[in-house]
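Asker: need a structure here:
(chains A and B)
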Amino acid sequence: MMTKVELETFVEGTTHYFATAANQPASVGSPYIVQEGKPTIQEFTGLISIAGKRRGIVYFTASRPMLTVMLMRMGETELTQENMCDLVGEVANTISGNARRDFGKDFMISVPTVVAGEPEKVVTPDNIRSFVIPINWRSHSAQLVVCLE
Amino acid sequence: MASANAKAQPLTNGKLKLMICDDSNIIRRKIERELQIERLQVIATAANGKQAVEAFRKEPADVVTMDITMPEMDGIECVENLVKIKPDVLILVISALSDKATAIEALKKGANGFLCKPFTDRQLTEALEELLRGAGNDD
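Answerer: Predicted structure coming up:
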């Protein structure tokens, strides 16, 4: 089970990512537990598998319109499907990698896996509770989902 | 096959040769786009450590930006390989892995600097300028 302090690491990482990389701060809400069913999956999802000291997954899921604006804010001119896949993977990778500052080097992260338009392919472990960190950025919403033993 | 004695041929315009290695296309393009150092010229980009070593053997760069978490060959192993080919290459690791142990390991393998993702264009420029100053390549 994750602690409040551990979740705060991901909230801070998400806040820092948007302020720095997307050139505009996001409103990052309080994490909540998914009580029933599966966490939200949007059109593009970047997943990181966690191994070592902790096990599980972290994923960032967002819509095409939000990713389009993020790419534009980053100065990217090629607003392609490939770059949207790349961006969700990079967001998940950056926030998970930054978490090692608190979790340490034994918090081992995989390269990103990206799922586009096939929500059934995003699988969270049944025996671990998922925490959702809601992200509101401009008029868009996205989610960071943290599911760790 | 390139040997450990591979020498960089300077560009005719006197600029230093830069290679960008990151598995993210948008990060490679961001670094290329936001590069604000006149004396650096991008000569190659690579999406993983293996591609970087192959490109470096063909044409060794003077300066390399290197991600760590990549498929095929990670950045730490790649740094080790590049330094064997060209011991005086300047390597700036640009990674999301923000724990001290990772930075120390990269520096031990031969990297010269560490910039944590996410980064602003100003932070990138400052990190590269510091890298060049440290090697006595400042103007």
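Asker: ok, the residue in chain B that chain A sits nearest to - how many residues close by?
Answerer: Chain B approaches chain A most closely through residue B:96 (2.7 Å), counting by C-beta to the nearest C-beta. Glycine gets a C-beta too; all of them are placed from N, C-alpha and C. By the criterion of other C-beta atoms under 10 Å in any protein chain shown, residue B:96 has 25 neighbours.
Asker: excluding chain neighbours, what is closest to it?
Answerer: Among residues not flanking residue B:96 along the chain, residue A:97 sits closest, at 2.7 Å (C-beta to C-beta, 6 or more residues apart in numbering or on different chains).
Asker: residues contacting that neighbour?
Answerer: A:109, B:69, B:95, B:96, B:97, B:98, B:117 (C-beta atoms under 8 Å, 6 or more residues apart in numbering or on different chains).
Asker: next, the buried residues of stretch A:47-64.
Answerer: A:47, A:48, A:49, A:50, A:54, A:56, A:57, A:58, A:59, A:60, A:61, A:62 (16 or more other C-beta atoms under 10 Å in any protein chain shown).
Asker: looking at those residues, spot the one nearest residue B:131.
Answerer: residue A:48 (28.6 Å; C-beta to C-beta).
Asker: help me confirm that that closest one is found in a strand?
Answerer: Yes: Residue A:48 forms part of a strand when assessed by DSSP: H, G, I helix; E, B strand; the rest coil.
Asker: does it touch residue A:96 like I think?
Answerer: Yes: between residue A:48 and residue A:96 a contact is recorded at 4.4 Å, counting by C-beta atoms under 8 Å.
Asker: overlap in contacts, those two.
Answerer: Each of A:58, A:109 lies in contact with both residue A:48 and residue A:96 under the rule C-beta under 8 Å, 6+ apart.
Asker: got the end-to-end distance for stretch B:93-104?
Answerer: 11 Å (C-alpha to C-alpha, to the nearest Å).
Asker: what mean pLDDT does it get?
Answerer: Taken as a whole, stretch B:93-104 has a mean pLDDT of 92.
Asker: what does the pLDDT read for the closest residue to chain B within chain A?
Answerer: Nearest residue of chain A to chain B, counting by C-beta to the nearest C-beta: residue A:97, 2.7 Å away. Looking at residue A:97, its pLDDT reads 96.
Asker: now do the SS call for the most centrally placed residue in chain A.
Answerer: In chain A, the C-alpha nearest the mean C-alpha coordinate belongs to residue A:60, at 2.5 Å (C-alpha atoms, centre = their mean). Three-state secondary structure (criterion: three-state DSSP) places residue A:60 in strand.
Asker: quick check, it in contact with residue A:143.
Answerer: Yes: with contact defined as C-beta under 8 Å, residue A:60 counts as touching residue A:143 (7.5 Å).
Asker: helices and strands around the host helix or strand of residue B:54, which ones?
Answerer: When secondary structure is defined by DSSP states H and E, residue B:54 falls within helix B:49-58. Applying 3 or more C-beta pairs under 8 Å, 6 or more residues apart in numbering or on different chains; DSSP states H and E, one finds that helix B:49-58 contacts strand B:16-21, strand B:40-46, strand B:63-66, helix B:75-85.
Asker: return the set of buried residues in that helix.
Answerer: By neighbour count on 16+ other C-beta under 10 Å, the buried set for helix B:49-58 is B:49, B:50, B:51, B:52, B:53, B:55, B:56, B:57.
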